[in-house]
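> coordinates only, sequence not included:
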């Protein structure tokens, strides 16, 4: 049990579909993140939310739309994706009070395949 | 421009021996460094960290060394165990807290 739960674990979608990834954390953290991990590449930061406010958008295409309704939940809405968007999408949380050196706690990820 | 690099995609070590994973960085503003470990089908988990004011931090079998002048850090695991087989990510952050990850090194520890 990581304390950060992501659903679904696996998702296959067509380029015209709309789907959403969900993340929930039970650690009392106030910062939440979306990362993308493509094969043989570093983890890429996509979005950061602190106290439900988006504080970072790392030049992510608009076909990815995050939503953070409260400090415990984070969504990533997907629409009209491309095959190159196939990757492992990881959610993480941390404590922003000491975010400088507060380790991220990751979920187990959603393996996304776009066909 | 990749600011954190792990130049060895993989490392194979015999059980009981030392594993040394290396990481180089280019941004001199990085002042905090972390190692994460990832098993297949799981998310990365925090392993050990070091502040730039130190050159060594030890936690059980894991030791991280930082050489600021060379912009290089390494993770030593001794003795290595088969359960240590995983992907290891190096990460660095500035005082703003944004983490930059390396591409990972696959460690395999053979019994």
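All right, it came through fine. Everything numeric in this text was worked out from a predicted model, so none of it was measured.
> and whichever helix or strand residue B:24 is part of, what does it pack onto?
Secondary structure assigned from DSSP states H and E places residue B:24 in strand B:19-25. For strand B:19-25, the elements it packs on are strand B:4-5, strand B:10-14, strand B:32-38, strand B:72-77, strand B:86-93, strand B:105-110, judged by 3 or more CB pairs under 8 Å, 6 or more residues apart in numbering or on different chains; DSSP states H and E. For glycine as for every other residue, the C-beta is placed from the backbone atoms N, C-alpha and C.
> could you say what helices and strands the lowest-mean-pLDDT helix or strand in chain A packs with?
One helix or strand of chain A scores below all others by mean pLDDT, DSSP states H and E: strand A:53-57, with a mean of 82. Using 3+ CB pairs under 8 Å, 6+ apart as the contact test, the elements touching strand A:53-57 are strand A:44-50, strand A:64-70.
> how about a cut-off of 10 Å?
Using 3 or more CB pairs under 10 Å, 6 or more residues apart in numbering or on different chains; DSSP states H and E as the contact definition, the elements that strand A:53-57 packs against are strand A:31-37, strand A:44-50, strand A:64-70.
> could you list the buried residues of the strand holding residue B:24?
For strand B:19-25, a neighbour-count test (16 or more other CB atoms under 10 Å in any protein chain shown) marks B:19, B:20, B:21, B:22, B:23, B:24, B:25 as buried.
> pick the most buried one from the helices and strands packed on strand A:53-57.
The highest mean neighbour count among these, using mean count of other CB atoms under 10 Å in any protein chain shown, belongs to strand A:31-37: a mean of 24.
> ok, residue B:19 - contacts?
When contacts are counted by CB atoms under 10 Å, 6 or more residues apart in numbering or on different chains, residue B:19 is found next to B:11-13, B:61-62, B:75-81, B:84-85, B:88, B:105, B:107-109.
> low-confidence bits of chain B, can you list those?
Within chain B, the stretches falling below the threshold (pLDDT under 70) are B:95-97.
> from it, which residue is nearest to chain A?
Using CB to the nearest CB, residue B:43 is the residue of chain B that sits closest to chain A, at 3.2 Å.
> quick one: that residue and residue A:108 touch, right?
Yes: using CB atoms under 10 Å, residue B:43 is in contact with residue A:108, at 4.8 Å.
> need the overlap of contacts for those two.
Residues touching both residue B:43 and residue A:108 comprise A:2, A:4, A:6, A:88, A:90, A:91, with contact defined as CB under 10 Å, 6+ apart.
> columns mean pLDDT and distance to chain B on top of the helices and strands packed on strand A:53-57, output as TSV?
Shown next, in TSV, are the helices and strands packed on strand A:53-57 (pLDDT from 0 to 100; distance: least, CB to the nearest CB, whole Å):
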stretch	mean pLDDT	distance to chain B
strand A:31-37	93	8
strand A:44-50	91	7
strand A:64-70	95	16
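> any chance of JSON lines for those, columns distance to residue B:7?
Compiled in JSON lines, those are given as follows (distance: least, CB to CB, whole Å):
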{"stretch": "strand A:31-37", "distance to residue B:7": "19"}
{"stretch": "strand A:44-50", "distance to residue B:7": "19"}
{"stretch": "strand A:64-70", "distance to residue B:7": "30"}
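> can you tell me which of those comes nearest to residue A:15?
The minimum distance between residue A:15 and those falls on strand A:64-70, with 13.8 Å, by CB to CB.
> which residues does the closest one contact?
A:18, A:20-23, A:32-34, A:36, A:46-54, A:57, A:60, A:73-79, A:81, A:85, A:89.
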